[in-house]
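Novice: Here's a sequence, model it:
(chains A and B)
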Amino acid sequence: MKRFKKIFTIRYILPLSLLLLVGYLLLVSLSNDPSKLPSALKNKPLPTLTLKEIFSDRPESIAQTIQGQVTIINIWSTWCPSCKTEYPLIKKLAKEPHINLTSIVYKDSRSRALTWLSKNGNPYQHVWLDEDGSAGIELGIYGTPELFIVDKQGIVRYRYAGAIRTTTIENNILPLVGQLLNEQ
Amino acid sequence: MYQFIFLLILFSSQTFAKDIQSEQFESQAQYHQYLTLTHQIRCVVCQNQTIADSNADIAKDLRSIIYKKTVSGESSSEIKDFLVSRYGDFILYQPSFNKKNLLLWLGPWLFLILAIWIARKSFKTKA
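Specialist: The predicted structure follows:
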């Protein structure tokens, strides 16, 4: 009986458990959305970016401009449909207290961005222009829109890829900004 | 007609990496480094393609960054390190062998050893 049990375990139970394990791992990996990968920059300093400020048309160091403040950087472009979708929410976010909302216009022209902002309203404290997309690669972005939160020390603390939703603001952005504001 | 369409499809499959021509490099070694790298870096939005095979905007931008860095004299590993620091290990088409990826590399071998062990035990008990 004992021997039968051993044979049964080795011949059937063990391979079957392995098969189930592999199946389970495959099933889990199917539900992984590769576009939701965490940013490699999380908890690392914001890369050195010098971009033209769209209104003054002069180059500025982003890190220097936002130094000492909790800052949200939204990456957007006028040609991106999801950016249009999220725009009302971005404007709503800008109205929240203690929010320092800035943005980078990705792979777009100054004139198109200025037209867009005058037509739809400008919720941003600063708008920088990344005409050739090189700043986008420095930030490791996949496309637009993407949103980053940088703390007072200039460390990237959060990245959100895709159009934000009300729940993103309420559950992620506002609580984190609140927490970062209290940090020394 | 069908033959013509077939030939058209066959020859239209191209390597977009060759958008940047060899003449644009200072040496053949640099051109070779650029081509090799474009075949080792993943297109982050079309994930089963390398940036050499993809015509996506981000793939073009990544090729352009690799071109600029290659021409400015950066080595393959420096360029790879830069891209990994921005996009994570995921950007490498062939993942690197490190602590985090240990299971990925050794997992199949462990399974093979286990399978051989089970097979041997199973045959033994049969005999």
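Novice: Domain-wise, how is the chain divided?
Specialist: Here I'm looking at chain A. A:1-31, A:41-182 (automatic domain parsing).
Novice: um, chain B though
Specialist: If you go by automatic domain parsing, chain B breaks into B:15-96, B:97-127.
Novice: tell me the mean pLDDT for the helix or strand where A:Asn74 lies?
Specialist: Taking DSSP states H and E as the criterion, the element that holds A:Asn74 is strand A:71-76. The average pLDDT within strand A:71-76 is 97.
Novice: Just the CA atoms of the helix or strand hosting B:Ser77, as PDB, please.
Specialist: Taking DSSP H and E as the criterion, B:Ser77 maps to helix B:76-87. What follows is helix B:76-87, C-alpha atoms only, in PDB (Å, rounded to 0.1, in the frame of the first residue of the first chain):
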ATOM      1  CA  SER B  76      27.100  49.400 -26.500                       C
ATOM      2  CA  SER B  77      27.000  48.800 -22.800                       C
ATOM      3  CA  GLU B  78      26.800  52.500 -21.900                       C
ATOM      4  CA  ILE B  79      23.800  52.900 -24.300                       C
ATOM      5  CA  LYS B  80      22.100  49.800 -22.900                       C
ATOM      6  CA  ASP B  81      22.700  51.000 -19.400                       C
ATOM      7  CA  PHE B  82      21.100  54.400 -20.200                       C
ATOM      8  CA  LEU B  83      18.000  52.700 -21.800                       C
ATOM      9  CA  VAL B  84      17.600  50.300 -18.800                       C
ATOM     10  CA  SER B  85      17.900  53.200 -16.400                       C
ATOM     11  CA  ARG B  86      15.000  54.900 -18.200                       C
ATOM     12  CA  TYR B  87      12.800  51.900 -19.100                       C
END
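Novice: what about the helix or strand following that helix, near chain A?
Specialist: Using DSSP H and E, the next helix or strand after helix B:76-87 towards the C-terminus is helix B:102-126. Yes. Counting by C-beta under 8 Å from any C-beta of the partner chain, contacts between helix B:102-126 and chain A involve B:111, B:114, B:118, B:121-122, B:125. The C-beta positions use only the backbone N, C-alpha and C, and glycine is treated the same way.
Novice: Show me the longest helix that occurs in chain A.
Specialist: Ordering each helix of chain A by length in residues (DSSP state H) puts helix A:14-30 first.
Novice: and it, what does it pack onto?
Specialist: helix B:102-126 (3 or more C-beta pairs under 8 Å, 6 or more residues apart in numbering or on different chains; DSSP states H and E).
Novice: tell me which residues in the helix it packs on are buried?
Specialist: B:121-122 (16 or more other C-beta atoms under 10 Å in any protein chain shown).
Novice: which non-adjacent residue is nearest B:Gln94?
Specialist: B:Gln40 (6.6 Å; C-beta to C-beta, 6 or more residues apart in numbering or on different chains).
Novice: Next, count neighbours for the one you found.
Specialist: If you count neighbours by other C-beta atoms under 10 Å in any protein chain shown, B:Gln40 ends up with 19.
Novice: if we can go back for a sec, now tabulate the domains of chain A in a markdown table and tack on mean neighbour count.
Specialist: Below are these laid out as a markdown table (neighbours: other C-beta atoms under 10 Å in any protein chain shown):
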| stretch | mean neighbour count |
| --- | --- |
| domain A:1-31 | 11 |
| domain A:41-182 | 17 |
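Novice: Select from the ones you listed the stretch with the lowest mean pLDDT.
Specialist: domain A:1-31 - the lowest mean pLDDT of the domains of chain A, at a mean of 81.
Novice: Could you check which helix or strand contains A:Gln64?
Specialist: Using DSSP H and E, A:Gln64 sits within helix A:62-66.
Novice: how much distance is there from that helix to the middle of the chain?
Specialist: 18 Å (C-alpha atoms, centre = their mean, to the nearest Å).
Novice: Can that helix be said to contact chain B?
Specialist: No. Among the residues of helix A:62-66, none lie within reach of chain B under C-beta under 8 Å from any C-beta; the closest is 15.6 Å away.
Novice: What is that helix packed up against?
Specialist: strand A:100-106, strand A:126-130.
Novice: about what we covered before: can you redo the domains of chain A as TSV with distance to B:Ile58?
Specialist: Formatted as TSV, these follow (distance: least, C-beta to C-beta, whole Å):
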stretch	distance to B:Ile58
domain A:1-31	23
domain A:41-182	7
